[in-house]
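Participant: Quick one, what's the 3D model for this:
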Amino acid sequence: MFKEYVQVLFLFVFVISFKNADSIQCYECSSKNNSMCLDPSIYDQETLRNFLPFTTCGRGVYTNNNQDFFCRKIIQTILHKHYEPEIRVTRTCGWVRHHRDCYKADNEDHLETVCQCFSDHCNAGAKISGAMTLVALVTLKAYF
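Facilitator: Below you'll find the predicted structure:
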């Protein structure tokens, strides 16, 4: 009986972990015009809902390579010749994946860190998703 319970629970967790590729929701903002975009993790959920926009990825974007949509966070340090560097954060949807989840790029006028993630609102910061927490708990429960 216990084995069937674990199998059904695992199947349930497995199914809810996947979402339709075009239905992922990502924060869509730039710290250039919304300071909350710098670090949304310091705000409560109600404040985020009211003041930090998110979008459903895949609407109005054409892609012919059948890539799944995902969320992206870009941190840029813009280097100015005559005054202090400016840090800008952009959160948006992506559709062309990089082979690494995070990577860095730089040139003479800016430094850039780009990260991609694959669950709703994941581009707010480094948080463990509910589905991953549930998978971990079920796995632990199965062994103890």
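
Participant: contacts and neighbour counts: CA atoms only from here.
Facilitator: OK.

Participant: got any ranges where the protein has weak pLDDT?
Facilitator: 1-22, 59-67, 126-144 (pLDDT under 70).

Participant: Which parts of it are strands?
Facilitator: 25-27, 29-30, 54-56, 70-78, 86-94, 102-106, 110-117 (DSSP state E).

Participant: so which of these is the most packed in?
Facilitator: strand 25-27 (a mean of 25; mean count of other C-alpha atoms under 10 Å).

Participant: got the contact list for it?
Facilitator: Residues outside strand 25-27 that contact it (C-alpha atoms under 8 Å, 6 or more residues apart in numbering): 52-57, 70-72, 91-93, 119-124.

Participant: Neighbouring strands - and their directions - for that strand?
Facilitator: strand 54-56 (antiparallel) (DSSP bridges).

Participant: between the strands of the chain, which one is nearest to S41?
Facilitator: strand 25-27 (12.0 Å; C-alpha to C-alpha).

Participant: Just list whatever residues bridge to Q25.
Facilitator: The partner residues for Q25, given DSSP bridges, come to T56.

Participant: typo on my end, A105
Facilitator: E112.

Participant: who's in contact with the nearest residue to T77 once chain neighbours are set aside?
Facilitator: Take T77 and drop its neighbours on the chain: the residue closest to it by C-alpha to C-alpha, 6 or more residues apart in numbering is I87, 4.5 Å away. Neighbour list for I87: 75-78 [criterion: C-alpha under 8 Å, 6+ apart].

Participant: Need those residues in TSV (columns: distance to C115).
Facilitator: Formatted as TSV, the contacts of I87 follow (distance: C-alpha to C-alpha, whole Å):
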residue	distance to C115
I75	9
Q76	12
T77	15
I78	18
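
Participant: Can you name the two of those that sit furthest apart?
Facilitator: Pairwise over the contacts of I87, using C-alpha to C-alpha, the maximum falls at I75 and I78, 9.6 Å.
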